[in-house]
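**Q** Structure of the sequence below:
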Amino acid sequence: MSNVAVESSSVGSDQDLPITIAAKPITTRDRNIALATIVVLAILDAIVIPFASVHLHRVDPFIPVLQTVMCAVDLLTATLLFAQYSIQPLRAIIPVASGYVFSGLFAFIQTLAFPGAYSPTGVIGDGLNSASWFFVLWQTTFPLALIVYVFTKDSGARLSKGSTRLTITSTLACVLAAVAGLTWLATHATQYLPVMYLNAIEQTPFAANINLFLWAMNFAAFILLFVRRRTILDLWLIVVLFAWWPNFLVAVTHSVVRFSAGWYTARFVSLVASSMLLIVLLAESTALYARLASALVRLRREQDTKIMSAQAITAAIAHEIRQPLTRITAGGGAAQRFLRMVPPELDKAQAALDGVVNAGHRTSAVIDGFRSLFGKADEEQQLVDMNELIPEVLETLNSELKDHRVSIRVDLTPKLPLVSGNKGQLQEVVFNLIINSIEAMETKSLEGRLLLIHTEIQGDNIAVAVEDSGPGIDKDQLGDIFTAFATTKPHGMGLGLAISRMIIDYHGGKLTAASDSKCGGASFHFVLPTADRRRGSKPLFEA
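**A** Residues are numbered from 1 along each chain as shown. Below you'll find the predicted structure:
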């Protein structure tokens, strides 16, 4: 039990969740099941009514066996209610749990006073009236507890979790003290109480009147619960109260009550009534456990996904800035060598430093691209001309293309429509596809390295294709080519193509790969909607 106090005024806390039957609202299914139960009980009562006064064989073990089971069921029900209170400390649960403690204890104590149960005159009491007075106490304390519940349940009053143990302990102490006092009254002060039974089976007129009073009290609790029903607990307490009615009605209408057909049936139905809420509690606890287990699995998956996402973002940033950082390092070293020459090669040093500056801008663009990709990217959208963007990327990669002796053929369709998007991200896509092609052609001879880039118009879209003369893509690996961390390169991270596809998807386009290049290698093809088409559609990036 937690010792951490939770304020009742907390909004949005776990205390506001319907995790107990005292807080869970009634569904149509719950209502139908409860109604069906009442109908079945009513039909059973209607069948027995014509035979209610028929006197049957006296079975002395019937009461001790049946009511000992009822005691166990009621105390177990009270235990589960206290357990639910410890989870969600709604003050209104306490009266119901107390009522079930009263019910269970008086059900067992009555067996000790019942004539013929354990001895001809009972183990305790006066041998004639004590048992009936225990029944009165039993059927008075239970509906009174439910009436208290009705008038406290809608207040939403809660105790802090830290005080639940004290509340439960003090409640049990009060109930046990009350039971002890009432037990003394019913066993040692019966001479001051009205006579209930003339003999072991025949009751007095006063007993019929007191049973009418008990039924009226039960009916009052029934009506109050029915009018103010809100939760599953309310619904099934209504059914429990209804199931007790035959006990009172048989006693009101017949003077010879005990061991008649109506008496046996009413007591059996009482056992059913005692078991109903326990069955509901067990069913709801099982369902709650299943939901909790499912929630834990989802939580762990979400945590794993977040960790993987963080790792993927970190790896993606490292992947994308590795190229420009390498360029900065190489360019800076080359500039130093050119400046140390005698005489210094100033033009070459200048060219190397220009490359360092361009690589620095490239690094900044990569970082900005990631910020817009995972942040409010809609603010970064602009009109982009792919026919201008592609030469800019090629200029950035000029030294890499020369170092790898790659020949370039560029075929740009004139008057290519503009697209709407993040220029830095689209540059990242073209950059990744070109780098991928350069690395794929490393196994080719220097004379056979060819890179083909072309653009075209396809209806309301523009298309860009990047093809190379490398070995192509194995058909078994083609399906995983855009999967994060899936790579065919010895030192690759498997993120460039995954990031590229994500960017194109975010721009409302589609990126595909094939091994049908005109150059004999792999071809990557992406399409993007034109700016005119995007203006009439929902913005791609949500702020």
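
**Q** Name all residues that make contact with Ser270.
**A** 70, 243-244, 247 (C-beta atoms under 8 Å, 6 or more residues apart in numbering). The way it works is simple: take the backbone N, C-alpha and C, and place the C-beta from them, glycine included.

**Q** want to throw those residues into CSV with secondary structure, pLDDT and distance to Leu56?
**A** Compiled in CSV, the contacts of Ser270 are given as follows (DSSP: H, G, I helix; E, B strand; the rest coil; pLDDT from 0 to 100; distance: C-beta to C-beta, whole Å):
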residue, secondary structure, pLDDT, distance to Leu56
Met70, helix, 93, 20
Ala243, helix, 90, 21
Trp244, coil, 90, 21
Asn247, helix, 85, 16
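
**Q** where's Val280, which helix or strand?
**A** Assessed by DSSP states H and E, Val280 sits inside helix 261-340.

**Q** Test my guess that Leu137 contacts Gly181.
**A** No. Taking contact to mean C-beta atoms under 8 Å, the distance of 10.4 Å between Leu137 and Gly181 leaves them out of contact.

**Q** sorry, back to before: could you give me the average pLDDT of the helix holding Val280?
**A** Confidence over helix 261-340 (mean pLDDT, whole number) is 77.

**Q** domain parsing for the chain?
**A** 58-291, 377-535 (automatic domain parsing).

**Q** Generate TSV for those, with distance to Ile26 as supplementary columns.
**A** Putting those into TSV (distance: least, C-beta to C-beta, whole Å) gives the following:
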stretch	distance to Ile26
domain 58-291	5
domain 377-535	45
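
**Q** Return the helix or strand where Glu395 lies as CSV; C-alpha atoms alone will do.
**A** For Glu395, the enclosing helix or strand under DSSP H and E is helix 386-396. The C-alpha coordinates for helix 386-396 follow below in CSV (Å, rounded to 0.1, in the frame of the first residue of the first chain):
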residue,chain,number,x,y,z
MET,A,386,14.7,21.4,-58.8
ASN,A,387,16.5,22.4,-62.0
GLU,A,388,18.4,24.9,-59.8
LEU,A,389,18.8,22.7,-56.8
ILE,A,390,20.4,19.8,-58.6
PRO,A,391,23.4,21.9,-60.0
GLU,A,392,23.9,23.4,-56.6
VAL,A,393,24.3,19.9,-55.0
LEU,A,394,26.6,18.8,-57.8
GLU,A,395,28.7,21.9,-57.2
THR,A,396,29.0,21.0,-53.5
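
**Q** now it against helix 261-340, angle please.
**A** With axes from the mean of the first three to the mean of the last three C-alpha atoms, to 10 degrees defining the directions, helix 386-396 sits at 60 degrees from helix 261-340.

**Q** who does helix 386-396 touch, helix- and strand-wise?
**A** Applying 3 or more C-beta pairs under 8 Å, 6 or more residues apart in numbering; DSSP states H and E, one finds that helix 386-396 contacts strand 407-411, helix 423-440, strand 450-458, strand 461-468.

**Q** cutoff 10 Å now
**A** Applying 3 or more C-beta pairs under 10 Å, 6 or more residues apart in numbering; DSSP states H and E, we find helix 386-396 packed against helix 261-340, helix 346-374, strand 407-411, strand 419-421, helix 423-440, strand 450-458, strand 461-468.

**Q** possible to save the contacts of Ser270 as JSON lines with distance to Arg301?
**A** Compiled in JSON lines, these are given as follows (distance: C-beta to C-beta, whole Å):
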{"residue": "Met70", "distance to Arg301": "45"}
{"residue": "Ala243", "distance to Arg301": "45"}
{"residue": "Trp244", "distance to Arg301": "48"}
{"residue": "Asn247", "distance to Arg301": "53"}
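
**Q** If anything else comes up later, I'll come back, but that's it for now.
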